[in-house]
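Participant: whatever this is, show me its structure:
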Amino acid sequence: MSASFNPTTSTYNPPIDAEEFRQLVAELAYHKAEKRGFIAGHELEDWLAAECEVKNNCFYWFQEED
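Facilitator: The predicted structure is shown next:
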């Protein structure tokens, strides 16, 4: 399985399905909120940070080795 990344359009298609991706993001966002003490007003920030982190991790996890 390999990830496809197109640097000309900066689009990244993770090698996992959308539901699995959403679940990973939701869990990570929850842990970020938990770490902060569930202070309200940071939900979007937590979600976007988690989404970025999961995308970056997926990109590195599925790199083909030469």
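
Participant: after the helix or strand harbouring residue 22, which helix or strand is next?
Facilitator: Using DSSP states H and E, residue 22 maps to helix 18-36. Heading C-terminal from helix 18-36, the first helix or strand you meet, by DSSP H and E, is helix 43-61.

Participant: ok so, going back, give me the contacts around the helix holding residue 22.
Facilitator: The contact list for helix 18-36 (Cβ atoms under 8 Å, 6 or more residues apart in numbering) reads 14, 16, 39, 42-43, 46-47, 49-51, 53-54, 58. In this view, the C-beta of every residue, glycine as well, is placed from N, C-alpha and C.

Participant: give the buried subset of these as a ChimeraX selection command.
Facilitator: For the buried members of the contacts of helix 18-36, the matching ChimeraX selection, counting by 16 or more other Cβ atoms under 10 Å, is:
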select :14,16,46,47,50,51,54,58
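
Participant: how about JSON lines for the contacts of helix 18-36, with pLDDT and distance to residue 25 added?
Facilitator: What follows is the contacts of helix 18-36, written out as JSON lines (pLDDT from 0 to 100; distance: Cβ to Cβ, whole Å):
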{"residue": "14", "pLDDT": "50", "distance to residue 25": "11"}
{"residue": "16", "pLDDT": "77", "distance to residue 25": "11"}
{"residue": "39", "pLDDT": "94", "distance to residue 25": "20"}
{"residue": "42", "pLDDT": "96", "distance to residue 25": "15"}
{"residue": "43", "pLDDT": "96", "distance to residue 25": "12"}
{"residue": "46", "pLDDT": "97", "distance to residue 25": "10"}
{"residue": "47", "pLDDT": "97", "distance to residue 25": "7"}
{"residue": "49", "pLDDT": "96", "distance to residue 25": "10"}
{"residue": "50", "pLDDT": "96", "distance to residue 25": "5"}
{"residue": "51", "pLDDT": "95", "distance to residue 25": "5"}
{"residue": "53", "pLDDT": "94", "distance to residue 25": "8"}
{"residue": "54", "pLDDT": "92", "distance to residue 25": "5"}
{"residue": "58", "pLDDT": "78", "distance to residue 25": "11"}
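
Participant: on that earlier part again, the helix holding residue 22 to helix 43-61, inter-axis angle?
Facilitator: Relative orientation of helix 18-36 versus helix 43-61 (axes from the mean of the first three to the mean of the last three Cα atoms, to 10 degrees): 120 degrees.
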